[in-house]
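In: Sequence unavailable; structure follows:
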(Lines give C-alpha, C1' and ligand atoms only; values in the text may rest on other atoms or scores of the structure.)
Protein backbone atom coordinates (compact mmCIF):
# COMPACT_ATOMS: atom_id res chain seq x y z
CA UNK A 1 0.00 0.00 0.00
CA UNK A 2 1.25 3.49 -0.85
CA UNK A 3 1.68 5.11 2.56
CA UNK A 4 1.42 8.56 0.91
CA UNK A 5 -2.24 7.91 0.11
CA UNK A 6 -4.96 8.10 2.77
CA UNK A 7 -6.60 4.71 3.29
CA UNK A 8 -9.99 4.80 1.60
CA UNK A 9 -11.09 1.20 2.15
CA UNK A 10 -10.41 -1.42 4.81
CA UNK A 11 -11.40 -4.99 3.92
CA UNK A 12 -11.73 -7.24 6.98
CA UNK A 13 -11.44 -11.01 6.43
CA UNK A 14 -12.08 -13.24 9.49
CA UNK A 15 -10.29 -16.59 9.06
CA UNK A 16 -10.68 -19.91 10.81
CA UNK A 17 -9.41 -23.12 9.20
CA UNK A 18 -10.07 -21.72 5.73
CA UNK A 19 -7.06 -23.26 3.97
CA UNK A 20 -9.13 -24.65 1.09
CA UNK A 21 -10.96 -21.41 0.24
CA UNK A 22 -8.66 -18.64 1.45
CA UNK A 23 -6.52 -18.30 -1.67
CA UNK A 24 -9.49 -17.71 -3.95
CA UNK A 25 -10.93 -15.24 -1.45
CA UNK A 26 -7.76 -13.18 -1.06
CA UNK A 27 -6.99 -13.22 -4.77
CA UNK A 28 -10.47 -11.86 -5.51
CA UNK A 29 -9.70 -8.93 -3.20
CA UNK A 30 -6.13 -8.25 -4.31
CA UNK A 31 -7.14 -8.31 -7.96
CA UNK A 32 -8.11 -4.66 -7.67
CA UNK A 33 -5.41 -2.15 -8.53
CA UNK A 34 -6.44 0.45 -5.99
CA UNK A 35 -3.56 1.44 -3.72
CA UNK A 36 -5.68 3.24 -1.11
CA UNK A 37 -6.93 -0.09 0.28
CA UNK A 38 -5.80 -2.24 3.18
CA UNK A 39 -6.74 -5.88 3.66
CA UNK A 40 -6.88 -7.10 7.25
CA UNK A 41 -6.51 -10.88 7.41
CA UNK A 42 -7.57 -11.89 10.93
CA UNK A 43 -6.52 -15.44 11.76
CA UNK A 44 -8.79 -16.59 14.58
CA UNK A 45 -6.59 -19.38 15.92
CA UNK A 46 -6.65 -21.61 12.83
CA UNK A 47 -5.12 -25.08 13.20
CA UNK A 48 -4.75 -25.84 9.47
CA UNK A 49 -2.52 -24.18 6.87
CA UNK A 50 -4.25 -20.80 7.01
CA UNK A 51 -1.39 -19.20 8.96
CA UNK A 52 1.22 -20.08 6.33
CA UNK A 53 -1.03 -18.76 3.56
CA UNK A 54 -1.59 -15.46 5.39
CA UNK A 55 2.13 -15.01 5.98
CA UNK A 56 2.81 -15.59 2.30
CA UNK A 57 0.10 -13.15 1.22
CA UNK A 58 1.53 -10.50 3.54
CA UNK A 59 4.99 -10.92 2.00
CA UNK A 60 3.65 -10.61 -1.53
CA UNK A 61 1.37 -7.56 -1.13
CA UNK A 62 2.02 -4.47 1.00
CA UNK A 63 -1.70 -3.79 1.29
CA UNK A 64 -2.15 -6.79 3.57
CA UNK A 65 -2.12 -6.47 7.36
CA UNK A 66 -1.91 -9.85 9.08
CA UNK A 67 -3.45 -10.21 12.54
CA UNK A 68 -3.11 -13.40 14.60
CA UNK A 69 -5.28 -14.04 17.65
CA UNK A 70 -6.52 -16.83 19.85
CA UNK A 71 -9.72 -18.50 18.74
CA UNK A 72 -12.73 -16.52 19.86
CA UNK A 73 -15.23 -16.83 17.04
CA UNK A 74 -16.07 -14.83 13.95
CA UNK A 75 -17.42 -11.86 15.94
CA UNK A 76 -14.19 -11.43 17.89
CA UNK A 77 -12.19 -11.76 14.67
CA UNK A 78 -14.20 -9.04 12.94
CA UNK A 79 -13.93 -6.84 16.04
CA UNK A 80 -10.14 -7.30 16.03
CA UNK A 81 -10.15 -6.10 12.44
CA UNK A 82 -12.27 -3.06 13.32
CA UNK A 83 -9.78 -2.04 16.01
CA UNK A 84 -6.91 -2.01 13.51
CA UNK A 85 -8.78 -0.66 10.47
CA UNK A 86 -7.82 2.81 9.20
CA UNK A 87 -9.96 3.16 6.10
CA UNK A 88 -12.73 5.67 5.56
CA UNK A 89 -14.97 2.78 4.53
CA UNK A 90 -15.19 -0.78 5.89
CA UNK A 91 -16.00 -3.92 3.91
CA UNK A 92 -16.35 -7.45 5.30
CA UNK A 93 -15.49 -10.56 3.26
CA UNK A 94 -15.70 -14.06 4.73
CA UNK A 95 -12.80 -16.39 4.02
CA UNK A 96 -14.93 -18.85 2.06
CA UNK A 97 -16.52 -16.17 -0.12
CA UNK A 98 -15.24 -13.79 -2.80
CA UNK A 99 -15.52 -10.09 -3.61
CA UNK A 100 -15.95 -8.44 -7.02
CA UNK A 101 -14.22 -5.46 -8.55
CA UNK A 102 -17.53 -3.54 -8.62
CA UNK A 103 -17.57 -3.84 -4.84
CA UNK A 104 -13.97 -2.95 -4.05
CA UNK A 105 -13.59 -0.14 -6.57
CA UNK A 106 -16.88 1.61 -5.89
CA UNK A 107 -16.68 5.21 -4.68
CA UNK A 108 -19.71 6.10 -2.55
CA UNK A 109 -21.54 9.40 -2.79
CA UNK A 110 -20.33 12.01 -0.35
CA UNK A 111 -23.75 12.21 1.28
CA UNK A 112 -24.28 8.52 2.05
CA UNK A 113 -23.64 6.55 5.23
CA UNK A 114 -24.22 2.99 3.98
CA UNK A 115 -23.85 1.35 0.58
CA UNK A 116 -25.69 -1.89 -0.24
CA UNK A 117 -25.00 -4.12 -3.24
CA UNK A 118 -26.47 -7.27 -4.75
CA UNK A 119 -24.81 -10.69 -4.59
CA UNK A 120 -24.96 -14.16 -6.06
CA UNK A 121 -24.25 -17.63 -4.75
CA UNK A 122 -21.43 -20.00 -5.60
CA UNK A 123 -24.02 -22.04 -7.50
CA UNK A 124 -24.50 -19.10 -9.88
CA UNK A 125 -27.95 -18.20 -8.55
CA UNK A 126 -28.75 -14.57 -7.85
CA UNK A 127 -30.79 -13.32 -4.92
CA UNK A 128 -34.47 -12.59 -5.52
CA UNK A 129 -34.19 -9.53 -3.29
CA UNK A 130 -32.68 -7.46 -6.08
CA UNK A 131 -31.66 -3.89 -5.32
CA UNK A 132 -31.90 -1.16 -7.94
CA UNK A 133 -29.71 1.95 -7.89
CA UNK A 134 -30.90 4.67 -5.54
CA UNK A 135 -30.10 7.10 -2.76
CA UNK A 136 -32.43 7.22 0.24
CA UNK A 137 -32.65 9.88 2.95
CA UNK A 138 -35.12 10.86 5.66
CA UNK A 139 -38.63 9.83 4.51
CA UNK A 140 -37.43 7.90 1.46
CA UNK A 141 -34.97 6.00 3.68
CA UNK A 142 -37.77 5.15 6.10
CA UNK A 143 -39.91 3.91 3.22
CA UNK A 144 -36.98 1.88 1.88
CA UNK A 145 -36.42 0.23 5.25
CA UNK A 146 -40.13 -0.48 5.66
CA UNK A 147 -39.92 -2.57 2.49
CA UNK A 148 -36.46 -4.11 2.79
CA UNK A 149 -35.62 -4.37 6.50
CA UNK A 150 -36.87 -7.96 6.65
CA UNK A 151 -34.86 -8.93 3.55
CA UNK A 152 -31.74 -11.04 3.81
CA UNK A 153 -29.54 -8.14 2.76
CA UNK A 154 -29.86 -6.52 6.20
CA UNK A 155 -28.97 -9.74 8.03
CA UNK A 156 -25.35 -9.75 6.89
CA UNK A 157 -22.37 -7.35 7.00
CA UNK A 158 -21.05 -8.36 3.57
CA UNK A 159 -22.03 -6.77 0.23
CA UNK A 160 -22.00 -3.42 2.05
CA UNK A 161 -19.74 -0.48 2.72
CA UNK A 162 -19.84 1.02 6.22
CA UNK A 163 -18.37 4.35 7.30
CA UNK A 164 -15.65 3.73 9.86
CA UNK A 165 -16.22 7.03 11.67
CA UNK A 166 -19.83 5.99 12.39
CA UNK A 167 -18.70 2.60 13.70
CA UNK A 168 -16.03 4.29 15.80
CA UNK A 169 -18.11 7.15 17.21
CA UNK A 170 -21.04 4.89 18.14
CA UNK A 171 -18.71 2.05 19.20
CA UNK A 172 -20.58 -0.52 17.13
CA UNK A 173 -19.23 -4.05 17.53
CA UNK A 174 -20.24 -7.62 16.79
CA UNK A 175 -21.75 -9.37 19.81
CA UNK A 176 -19.20 -12.04 20.72
CA UNK A 177 -21.73 -14.09 22.66
CA UNK A 178 -23.28 -15.39 19.44
CA UNK A 179 -22.07 -17.20 16.34
CA UNK A 180 -25.50 -16.98 14.68
CA UNK A 181 -27.42 -13.72 14.35
CA UNK A 182 -24.55 -11.47 15.41
CA UNK A 183 -24.48 -10.07 11.87
CA UNK A 184 -28.10 -8.95 12.19
CA UNK A 185 -27.45 -7.16 15.47
CA UNK A 186 -24.43 -5.34 14.03
CA UNK A 187 -26.33 -4.10 10.99
CA UNK A 188 -29.30 -3.03 13.12
CA UNK A 189 -27.01 -1.04 15.43
CA UNK A 190 -25.43 0.64 12.42
CA UNK A 191 -28.78 1.48 10.84
CA UNK A 192 -29.74 3.33 14.01
CA UNK A 193 -26.81 5.72 13.39
CA UNK A 194 -27.32 5.84 9.63
CA UNK A 195 -28.90 8.87 7.93
CA UNK A 196 -28.71 7.80 4.29
CA UNK A 197 -28.44 4.61 2.24
CA UNK A 198 -27.12 4.21 -1.29
CA UNK A 199 -28.03 1.08 -3.26
CA UNK A 200 -26.02 -0.16 -6.22
CA UNK A 201 -27.34 -2.41 -8.97
CA UNK A 202 -24.19 -4.51 -9.23
CA UNK A 203 -23.00 -7.90 -7.97
CA UNK A 204 -20.53 -7.23 -5.18
CA UNK A 205 -20.18 -10.58 -3.50
CA UNK A 206 -20.01 -14.30 -4.28
CA UNK A 207 -21.50 -16.15 -1.33
CA UNK A 208 -21.23 -19.78 -0.28
CA UNK A 209 -24.68 -21.30 -0.86
CA UNK A 210 -26.77 -21.53 2.36
CA UNK A 211 -27.09 -25.08 3.63
CA UNK A 212 -23.45 -25.98 3.05
CA UNK A 213 -22.66 -25.07 6.62
CA UNK A 214 -24.62 -25.84 9.78
CA UNK A 215 -24.35 -24.06 13.10
CA UNK A 216 -25.45 -25.65 16.39
CA UNK A 217 -28.09 -23.48 18.03
CA UNK A 218 -29.47 -24.35 21.45
CA UNK A 219 -32.86 -23.21 22.72
CA UNK A 220 -31.12 -20.99 25.27
CA UNK A 221 -28.89 -19.36 22.62
CA UNK A 222 -31.86 -18.74 20.35
CA UNK A 223 -33.89 -17.28 23.24
CA UNK A 224 -31.03 -15.04 24.38
CA UNK A 225 -30.49 -13.78 20.84
CA UNK A 226 -34.17 -13.01 20.25
CA UNK A 227 -34.37 -11.17 23.58
CA UNK A 228 -31.47 -8.91 22.61
CA UNK A 229 -32.77 -8.52 19.06
CA UNK A 230 -36.25 -7.44 20.17
CA UNK A 231 -34.86 -5.14 22.85
CA UNK A 232 -32.65 -3.46 20.24
CA UNK A 233 -35.53 -3.28 17.77
CA UNK A 234 -37.87 -1.60 20.30
CA UNK A 235 -35.17 0.72 21.70
CA UNK A 236 -34.00 1.94 18.33
CA UNK A 237 -37.42 2.09 16.70
CA UNK A 238 -36.15 0.82 13.36
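Out: Perfect, I can see it now. Everything quoted here is computed from the prediction, not taken from an experiment.
In: List the residues that contact residue 197.
Out: 112-116, 135-136, 141, 144-145 (C-beta atoms under 8 Å, 6 or more residues apart in numbering). (C-beta placed from N, C-alpha, C; glycine too.)
In: which among these gets closest to residue 155?
Out: residue 116 (12.0 Å; C-beta to C-beta).
In: what helix or strand does the closest one sit in?
Out: strand 114-121 (DSSP states H and E).
In: quick one on the thing from earlier: nearest to residue 198 among the contacts of residue 197?
Out: For the contacts of residue 197, the nearest to residue 198 is residue 112 (4.0 Å; C-beta to C-beta).
In: before we move on, back to that, report the mean confidence score over the strand holding residue 116.
Out: Computed over strand 114-121, the mean pLDDT rounds to 94.
In: same deal with stretch 192-202?
Out: 96.
In: Once you drop chain neighbours, what's closest to residue 31?
Out: residue 101 (6.7 Å; C-beta to C-beta, 6 or more residues apart in numbering).
In: from what I can see the one you found touches residue 29, true?
Out: No: Residue 101 is beyond contact range of residue 29, at 9.9 Å (criterion: C-beta atoms under 8 Å).
In: Of these two, which one has the most company?
Out: residue 29 (24 against 15; other C-beta atoms under 10 Å).
In: Give me the buried positions along the longest strand seen in the chain.
Out: In the chain, taking DSSP state E as the definition, the longest strand is strand 196-207. By 16 or more other C-beta atoms under 10 Å, the buried positions in strand 196-207 come out as 196-200, 202-207.
In: what does stretch 109-120 contact?
Out: Against stretch 109-120 from outside (C-beta under 8 Å, 6+ apart): 89, 102-103, 106, 108, 126-127, 130-131, 135, 137, 153, 158-163, 166, 190-191, 193-207.
In: ok, of the contacts of residue 197, which one's closest to residue 94?
Out: Proximity of the contacts of residue 197 to residue 94 (C-beta to C-beta) peaks at residue 116, which lies at 17.0 Å.
In: Tell me how far the closest one lies from residue 135.
Out: 11 Å (C-beta to C-beta, to the nearest Å).
In: joint contacts of those two?
Out: Common neighbours of residue 116 and residue 135, using C-beta under 8 Å, 6+ apart, are 197-199.
In: Which one of those residues is nearest to residue 65?
Out: residue 198 (27.0 Å).
In: is it true that the closest one touches residue 135?
Out: Yes: counting by C-beta under 8 Å, residue 135 is a contact partner of residue 198 at 5.1 Å.
In: which residue ranges form the helices in this protein?
Out: For the chain, applying DSSP state H gives helices covering 19-30, 50-60, 74-84, 101-104, 138-148, 164-169, 182-193, 219-236.
In: Which one of those lies nearest to residue 44?
Out: Minimum separation from residue 44 across those (C-beta to C-beta) falls at helix 74-84, 4.1 Å.
In: How far off centre is the closest one?
Out: Relative to the centre of its chain, helix 74-84 is centred 11 Å away, using C-alpha atoms, centre = their mean, to the nearest Å.
In: For it, buried residues please.
Out: Across helix 74-84, burial judged by 16+ other C-beta under 10 Å covers 74-82.
In: Pull the contacting residues for residue 90.
Out: Residue 90 neighbours (C-beta under 8 Å, 6+ apart): 9-10, 12, 82, 161-164, 167.
In: Can I get the residues you listed in CSV including pLDDT and distance to residue 38?
Out: Output for the contacts of residue 90, formatted as CSV (pLDDT from 0 to 100; distance: C-beta to C-beta, whole Å):
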residue, pLDDT, distance to residue 38
9, 97, 7
10, 98, 5
12, 98, 9
82, 98, 13
161, 98, 14
162, 98, 15
163, 98, 16
164, 98, 11
167, 98, 15
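In: What's the PyMOL syntax to select whichever of the residues you listed are buried?
Out: Selection of buried members from the contacts of residue 90 for PyMOL, criterion 16+ other C-beta under 10 Å:
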select buried, resi 9+10+12+82+161+162+163+164+167
